[in-house]
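Peer 1: coordinates only, no sequence provided:
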C-alpha cells in the first residue's frame, strides 16, 4: 500500500499511521504481538530514506497536515525510554517483551538517524561538487569586483 499507492493515498496513509499504528503503540490494551508488528512496519519505513523524506515533506512540512514523522519519532523514543513500564501496560507485557520492544524501537530510531544523516551527507557532497564545478568554470563572479560598476551612484 505504502510503496505503490502513496501519492494517491496521502490522507489514508495519515489516518493509518496516526489513528491506527500510533494509537496501538500508545495503548495499554495492545499486546506485545500487535506492538511488535507495528514496529516492524516502522522499521521498514526507516530503512528506506526516500520514504522518510516523503513522509517529512508531505506531512511535517505541510502546514495543513499533521507532523507524522515527528509523532513517529516521539512514540519510538518513548518506547525506547521505557514507556511501557507504566501500570497501564504492565498487565499486557512481560518484562522480557518490554525489553524487546525497547531495543527494537531504539534500533529503528538509530536507523532513521543513520538514513537521514547519509541523505544529508550525500546532498551536501553533491552541492559542494556542483559549487566546485561552477567555480572552476568561472560561473561565480567575485561579488566585490563588480559592485562599483553595477551599483547606482546618487549625488
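Peer 2: In hand now; what should we look at? Here the structure is a predicted model, which means the values were calculated and not measured.
Peer 1: low-confidence ranges, this protein, go.
Peer 2: Along the chain, segments meeting pLDDT under 70 span 1-7, 84-90, 137-155.
Peer 1: the helices in it, which residues?
Peer 2: Taking DSSP state H as the test, the helices found in the chain are 2-5, 10-15, 22-26, 32-46, 49-55, 68-80, 87-90, 95-136, 143-150.
Peer 1: what about the nearest residue to residue 82 once chain neighbours are set aside, how many neighbours?
Peer 2: Nearest residue to residue 82, sequence neighbours excluded (C-beta to C-beta, 6 or more residues apart in numbering): residue 102, at 6.3 Å. From N, CA and C alone the C-beta is placed, and that goes for glycine too. Residue 102: 17 surrounding residues under other C-beta atoms under 10 Å.
Peer 1: tell me who's in contact with residue 102.
Peer 2: The contact partners of residue 102, taken as C-beta atoms under 8 Å, 6 or more residues apart in numbering, are 79-82, 84.
Peer 1: need the residues that contact stretch 20-29.
Peer 2: Contacts of stretch 20-29 (C-beta under 8 Å, 6+ apart): 30, 34-35, 38-39, 41-42, 71-72, 75, 79, 86, 88-89, 91-92.
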